[in-house]
Every structure is written in structure tokens, then in C-alpha cells.
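Asker: sharing a model prediction with you, sequence too.
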Amino acid sequence: MKSILSGTDGETKFVLSNGINMAYQSFGDTKAPAILLVAGLYNQLIRWPLPFCQLLVDRGFRVIRFDNRDIGLTDKMEGQVAPGFFRLALNSLFGIPVKTPYSLDDMAADTVGLMDALGITKAHIVGMSMGGMISQLIAGLYPNRVHSLTSIMSTTGAIGKGSASFAVARQMVKPIPRGISALDNSVATRQMFASPGYPQTDAEVSGEVEVEFKRSNNPAGYLRQMAAIRTAKNRNQLLKTIKVPTLIIHGNQDLLVNVSGGEETKKYISHAIFARFDGMGHTLPEALLVTFADLIRTNADQCNIHG
């Protein structure tokens, strides 16, 4: 198969979407069925591994990965302040209204706007973690724009479903300890919810994090994206309306988004295929990428079109 790094494949380009200058990369034949990879909380587009993009191109897709708002090379929502975690907790527990810079619905509109800018009428939507939440919204709110849906290590927004372990939840919100660099703190955090059956060394994770830090670093964007997640409405009833072929992928050892999030998603998208993996945490293990690509291709084939 032709390498996705040949020619102009993978070149970072920019388009205006929903009033935001968005960074994206495209791989494969531009005439092939499009598949959009929607990244998770504070994940840049490079969190989707190039080998995974290659596997999807080899299976007949045009692959598009992009930076959500407030991350990577896409516009930052500078000057907009996210509510503190205490106020977010009051909102979650007691429904006390809280104002956030933007919502997951806005981020779903960003993704559809990217499709508009690229002239893509319909696409296969694949999202991980927060990206899975956004992808669920796209499939529910814009059903005529979606061929198929894949929700990876995500949840529905239902209270008590897909919750992080106490230790991981605390790590995600606590300030960086004195004497610890931001890079080392990020490595420690990622290792807490890593895949125990597919371990990476600290050096390997550090190398990945360092590449991300060099590309872009916007801590305020993390807080704003977190606020969008924490204030999102329960999507259970919306999920019932989704009719497109749906695939749910989740790790049984996910300590950031417990596998109950995948179970809840399956409950409300009853026709979905639910693929669970032992040893998988909140990462995309290299050893499982071929399996993931095959599952996505099979799910896409259910739409009665090639893609």
C-alpha cells in the first residue's frame, strides 16, 4: 500500500469552521469515503497514531484528523475563563447553573463545520474519550451527515457511568506539585490510566508527551474543555435516536472512563457492536490497532455503501 506520508498527505492545513480557524491533516485518496477522527480531552490530532491512520487508508478511507478548539494549532479561546472545579461540582451534583466558554454541542458544530469547509457531505465519525462524546452528538444532532459512528473509551454523560477512579480523578484536577515539571506530571498522569496489558515505559510516554508539548501547550484550554465535559447534558435519550451502524470500543481496565460508560452507550444504542478488550486502559495500544481498524471497516460496511 502507498504510504500516507507520500506527496502532500499529512500536511497541516487550516480552514474556517464555525468561526474558528481549525488545523487538520488529511491522508489517502480525497475521493475515498471520509472518516473523521475526533480527539479527546486536551488531545492534539497527533494523539491519533500515524500507523492507525495508515491502517484506515489501507482499508479504503480518506482519513482526516484535526485539532479541536483550544488545543494544538486550532484557535484558542483566549480570554475566556472556565468555572472552577467547585462550581462545576455544584452544577453536577445539584444542577446549579454555571456559565462555560463553550459546550460539547459547540465542538460538535465545529466538526460539522470542518466537513462543510472540506466539501464532505457525509462521513464516518470516530471519536475517543471526549471525542466519543462529540461524535455521539454529531450522530444524534446531524444524522444526515453521518454514515457510521465509532465511540471509543467514552460515555453518555449519565451520572455514575464512565466515572474515573478516585485516584485518577484527583490527579486530573490537582495542581502540578512543586519540583515536578509539567512534562513529568503529564507522564505520571498518563501512566495512571495506561493499558496494563500493553505497558509503555516512562521514557516512551515521555517522548510522546514531549512531541505534543513542542507542537502546542495551552493549559487554559484543558480547563475550558473539561468544563464543557462536566456541564454536558445526559445524552441517553439522544442516543436512542441514532440509527447508523455503531461500534463501541472500550477497555476493561480503563481507570479514566470506566467501562460502564461503554455499557451505558450500548444500552441506549441497542444495535451497536460492543467490543471490550482485556488489558486495555485509556489508550490506543499499538498491538490492537489492526483489530480496531478491522472493526471500524466492518462497521462502516453495514451502511450498504463502500464506506
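Answerer: Yep, that arrived.
Asker: now do the SS call for Phe14.
Answerer: When classified by DSSP: H, G, I helix; E, B strand; the rest coil, Phe14 comes out as strand.
Asker: and it, how close does it get to Arg69?
Answerer: Counting by CB to CB, to the nearest Å, the gap from Phe14 to Arg69 is 13 Å. Glycine gets a C-beta too; all of them are placed from N, C-alpha and C.
Asker: please apply the same query to Glu212.
Answerer: From Glu212 across to Arg69, the span is 17 Å (CB to CB).
Asker: check contacts around Ser103.
Answerer: Each residue near Ser103 by CB atoms under 8 Å, 6 or more residues apart in numbering is listed here: Ala228, Thr231, Ala232.
Asker: roughly how far apart are it and Gly207?
Answerer: From Ser103 to Gly207 the distance is 34 Å (CB to CB).
Asker: go on, Val259?
Answerer: Look at Val259 and Gly207: by CB to CB, they are 28 Å apart.
Asker: settle it for me: which of those two has more neighbours?
Answerer: Val259 (20 against 12; other CB atoms under 10 Å).
Asker: and the residue lying closest to that one once chain neighbours are set aside, its phi and psi?
Answerer: Spatially, and ignoring its direct neighbours in sequence, Val259 is nearest to His250 (4.9 Å; CB to CB, 6 or more residues apart in numbering). Here is the backbone geometry of His250 (degrees, to the nearest 10): phi -150, psi 150.
Asker: please, where are all the strands along the stretch 201-307 of the chain?
Answerer: With strands called from DSSP state E, counting those that start in this stretch, the stretch 201-307 of the chain shows them at 246-251, 273-277.
Asker: what comes up buried for the longest one?
Answerer: When neighbours are counted by 16 or more other CB atoms under 10 Å, the buried residues of strand 246-251 are found to be Thr246, Leu247, Ile248, Ile249, His250, Gly251.
Asker: just the pLDDT for the first one.
Answerer: Confidence at Thr246, expressed as pLDDT, is 98.
Asker: what residues does it make contact with?
Answerer: By CB under 8 Å, 6+ apart, Thr246 lies in contact with Ala139, Ser148, Leu149, Thr150, Ser151, Ile269, His271, Ala272, Ile273, Asn299.
Asker: can I assume the fifth one is in contact with Val244?
Answerer: In other words, Ser151. No - at 11.6 Å, Ser151 does not count as touching Val244 under the criterion of CB atoms under 8 Å.
Asker: which one's more surrounded, those two?
Answerer: For Ser151 versus Val244, neighbours defined as other CB under 10 Å are more numerous around Ser151 (34 against 20).
Asker: let me know the secondary structure of the more buried one.
Answerer: Applying three-state DSSP: Ser151 is strand.
Asker: any idea how far the closest residue to it other than its chain neighbours is from Val15?
Answerer: Spatial nearest neighbour of Ser151, chain neighbours left out: Gly132 (4.0 Å); criterion: CB to CB, 6+ apart. Taking CB to CB as the measure, Gly132 falls 23 Å from Val15.
Asker: more neighbours: these two, which one.
Answerer: Remark: of Gly132 and Val15, Gly132 carries more neighbours, 30 against 15, as counted by other CB under 10 Å.
Asker: so the more buried one is in which element?
Answerer: Assigned by DSSP states H and E, Gly132 belongs to helix 130-141.
Asker: next, the angle strand 246-251 makes with that helix.
Answerer: Relative orientation of helix 130-141 versus strand 246-251 (axes from the mean of the first three to the mean of the last three CA atoms, to 10 degrees): 160 degrees.
Asker: which one's more surrounded, Phe14 and Arg69?
Answerer: Neighbour count, other CB under 10 Å: between Phe14 and Arg69, Arg69 has more, with 24 against 15.
Asker: tell me the pLDDT of that one.
Answerer: Per-residue confidence (pLDDT) for Arg69: 98.
Asker: what about it, distance to Gly221?
Answerer: Taking CB to CB, one finds Arg69 at 8 Å from Gly221.
Asker: again, but for Ser129
Answerer: From Ser129 over to Gly221 the distance is 15 Å, taken as CB to CB.
Asker: repeat for Lys99
Answerer: 17 Å.
Asker: repeat that for Gly119.
Answerer: Separation of Gly119 from Gly221 (CB to CB): 28 Å.
Asker: and for Phe213?
Answerer: Phe213 sits at a distance of 13 Å from Gly221 (criterion: CB to CB).
Asker: the two - which one has more neighbours?
Answerer: More neighbours surround Gly221 than the other of Phe213 and Gly221, with 24 against 14 (other CB under 10 Å).
Asker: how deep is Lys31 tucked in, by neighbour count?
Answerer: Neighbours around Lys31, by other CB under 10 Å: 7.
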